[in-house]
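# Pasting the sequence and the predicted model now:
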Amino acid sequence: MKRLILTLIILIMCFFSNAQANDTEAALYNVGFGAVFGTVGAIINKSPDEHLGKVIKKSLWQGALGGYITFESKRILREARRQEQWEYFWMAKLVNAAGTSIKENAALNKDFYDRWHLNIGFSRLEFNTKDEFSVKYKLMPVAFTYTIGIALQTKFELEKTLKTGEFIFSSNTDRFTETNSRGVAFPGNIVVYSPYINDFKLITHEVIHLYQSNDFSVFNTYFNKPIKAWSSNSKIINWVDKHLYLEFHYLIQKPIYILESEPTDSSLYYNNFFEHEAGYFGGTLH
């Protein structure tokens, strides 16, 4: 397990060593991310009697497929920004959900079509298509906590939320001017500086950050085995597993974001991989 964790850290740092300068690099990053981390998850979640080579072969192509679809969702979002068409946001969201679902299925060592999901704010809808179709609702506690805190301090933008499929709030707080920022993405939510609520570039930039969180949700599958084992022995864990989607991936994504940041030099803002990707698709690079 220690070797696996060390390998995982090295792979993550390799993926973030170079910013995306064009669509080819962006596609390679997304495809590689899905293939590698989907495969690592499949190895963790495979049954003892399954052949390792077969599991790797299957998860590699499924993870790569999910990664490519994720890349295309970001390109659709870029087109929404270029054409200033809100309708594209929902299209991008559904495509992104499909790509993320395929990556998660790969990491769970399932067929790519076994389970699909859609995240809206703090809500996760899961569509199980294996054997018998069913729909399950799960609450995401981290996103829910942020939503409550944000809602108490800002204005909920219903129109923009309906147009994009993402929870969007606006605020006139001096914090934006103090930090020279216009928007910020939190788990499941976006807060925009009020004068820029109709800025397509800004909203696209922030939605890309939500998509990045979706990318990292593949790491939640790594905890599937222990959670299932614990839930069989605990009514509380069993209830949690049925009704909540635990967002462990923020424990990985947030530290990497901090490591990528240059807090003392604002001119290096886009040296941060996450900001560079959001800027690349959002058109805010400068």
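Yes, it's here. Numbers count the residues shown, from 1 in each chain.

# what secondary structure does Leu118 sit in?
Classification of Leu118 using DSSP: H, G, I helix; E, B strand; the rest coil returns strand.

# contacting residues for it?
93-94, 97, 124-125, 127 (C-beta atoms under 8 Å, 6 or more residues apart in numbering). Where you see a C-beta, it was placed from the backbone N, CA and C, and this is true even at glycine.

# and Leu158, how many neighbours does it have?
Close neighbours of Leu158, defined as other C-beta atoms under 10 Å, add up to 9.

# please renumber so the chain begins at 25
Right, with 25 as the first residue, what we last looked at is Leu182.

# For it, give me the pLDDT.
The model reports Leu182 with a pLDDT of 97.

# Against Val216, how distant is it?
Separation of Leu182 from Val216 (C-beta to C-beta, to the nearest Å): 14 Å.

# any idea where the strands of this structure begin and end?
Taking DSSP state E as the criterion, the chain carries its strands at 139-144, 147-152, 158-163, 179-180, 191-195, 207-210, 213-217.

# centroid residue for this protein?
Most central in the chain under C-alpha atoms, centre = their mean is Asn238, positioned 1.4 Å from the mean C-alpha point.

# my guess is that one contacts Thr124, does it?
Yes: with contact defined as C-beta atoms under 8 Å, Asn238 counts as touching Thr124 (4.6 Å).

# Show me whatever sits in contact with both of those two.
Common contacts of Asn238 and Thr124 (C-beta under 8 Å, 6+ apart): Thr94.

# PyMOL command for the buried members of the contacts of Leu142?
Buried residues within those, by 16 or more other C-beta atoms under 10 Å, are selected in PyMOL with:
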select buried, resi 117+121+148
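
# Is it possible to get CSV of the contacts of Leu142 that adds distance to Glu74 and pLDDT?
Below are the contacts of Leu142 laid out as CSV (distance: C-beta to C-beta, whole Å; pLDDT from 0 to 100):
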residue, distance to Glu74, pLDDT
Lys117, 34, 98
Leu118, 32, 98
Ala121, 28, 98
Arg148, 28, 98
Leu149, 30, 97
Phe151, 25, 96
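
# ok, so of the contacts of Leu142, who is nearest Leu275?
Checking the contacts of Leu142 against Leu275 with C-beta to C-beta, the nearest one is Arg148 at 17.8 Å.

# all helices of the protein, in order?
26-39, 47-69, 76-107, 111-131, 165-175, 182-188, 198-202, 224-240, 248-255, 259-267, 274-284, 297-306 (DSSP state H).

# Any chance of the ones you listed in a markdown table with distance to Pro211 as columns?
Shown next, in a markdown table, are the helices of the chain (distance: least, C-beta to C-beta, whole Å):
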| stretch | distance to Pro211 |
| --- | --- |
| helix 26-39 | 19 |
| helix 47-69 | 20 |
| helix 76-107 | 18 |
| helix 111-131 | 15 |
| helix 165-175 | 4 |
| helix 182-188 | 16 |
| helix 198-202 | 18 |
| helix 224-240 | 7 |
| helix 248-255 | 20 |
| helix 259-267 | 18 |
| helix 274-284 | 6 |
| helix 297-306 | 14 |
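
# Please report the number of neighbouring residues for the closest residue to Ile144 other than its chain neighbours.
Among residues not flanking Ile144 along the chain, Gly189 sits closest, at 6.2 Å (C-beta to C-beta, 6 or more residues apart in numbering). Using other C-beta under 10 Å, Gly189 has 21 neighbouring residues.

# For Asn296, see how far away Gly189 is.
According to C-beta to C-beta, Gly189 and Asn296 sit 26 Å apart.

# Spit out the contact partners of the closest residue to Lys179 other than its chain neighbours.
Leaving aside its chain neighbours, Lys179 sits nearest to Ser194 (5.0 Å; criterion: C-beta to C-beta, 6+ apart). Listed by C-beta under 8 Å, 6+ apart, the contact partners of Ser194 are 178-179, 181, 215-218, 221.
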